[in-house]
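Undergrad: need coordinates for the below:
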Amino acid sequence: MIEATQKAVITASGLSVHYEEGGVHTQVLTDVSLEVYQGEMVAIVGASGSGKSTLLHSLGLLDVPSSGSISINGTATDHLNETQRSRLRNQVLGFVYQFHHLLPEFDATDNVAMPLIVRRMNRNQARVEAQLLLEQVGLSERMHHFPGQLSGGERQRVALARALVTKPACVLADEPTGNLDRYTAEGMFSLLSRVNRDLGTAFVLVTHDPALAALADRQLLMEKGRLVQDSRG
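TA: The predicted model follows:
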């Protein structure tokens, strides 16, 4: 439930994305507007090719829309250069993908600590912060294991901890359970819901999975690049 006092961490207005290639015009998003509030879990659903991932990448400042505006935590992004966009993205947002993208030469602790080390935090302090997150995602016994020594579900938990270690206002997740079996995916569902509740982190999830979408406070249905339905869970 969104309270009147809660602020929007992401506001998008009139987003459109199109490409021109070889004289062919391809419209991917058309006039999409939405808000994501503090502590809210939002699922973006729709058929393949409906624009879900393009919308997520635009909201995460990974892609620049053809038109429209995006504000992140009250900061307008329209006129930011790439360095400024990157800085804002790293300060406010976290990302989880279908494939974990962990660094194989580092153990779980160092993989999670990496965003803090990039921010020039003392390495020992960063490792302490990382281990606290790994405990919260149920990996206290796997802190010193390397990705190749972890199961698929454990690797996704490490990826989630890495996304959370900077204490982002919002985590954007693109098919976070798409590469997991049903049993492991259900565990990930529960974990995302608990993190959302306990830490108050907002989540925007792109998913084909109705069970994951059902966890969300809201479901946004995309069809042919348009947001056609915004419904409460």
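Undergrad: roughly how far out does the lowest-mean-pLDDT helix or strand in the chain sit from the chain middle?
TA: Lowest by mean pLDDT, DSSP states H and E among the helices and strands of the chain is helix 182-199, with a mean of 79. How far helix 182-199 lies from its chain's middle: 14 Å, per C-alpha atoms, centre = their mean, to the nearest Å.
Undergrad: for the helix or strand harbouring V128, C-alpha coordinates in CSV please.
TA: Secondary-structure assignment from DSSP states H and E places V128 in helix 123-136. Only the C-alpha atoms of helix 123-136 are listed here, as CSV (Å, rounded to 0.1, in the frame of the first residue of the first chain):
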residue,chain,number,x,y,z
ARG,A,123,38.3,-2.8,1.0
ASN,A,124,38.0,-4.2,4.5
GLN,A,125,35.0,-2.1,5.3
ALA,A,126,33.4,-3.0,1.9
ARG,A,127,33.9,-6.7,2.7
VAL,A,128,32.1,-6.2,6.1
GLU,A,129,29.2,-4.5,4.4
ALA,A,130,29.1,-7.3,1.8
GLN,A,131,29.1,-10.0,4.4
LEU,A,132,26.1,-8.4,6.2
LEU,A,133,24.2,-8.5,3.0
LEU,A,134,25.1,-12.1,2.3
GLU,A,135,23.8,-13.0,5.7
GLN,A,136,20.5,-11.3,4.9
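Undergrad: so for the next helix-or-strand element following that helix, mean pLDDT?
TA: Going down the chain from helix 123-136, the next helix or strand is helix 152-164, by DSSP H and E. On average, the pLDDT along helix 152-164 is 86.
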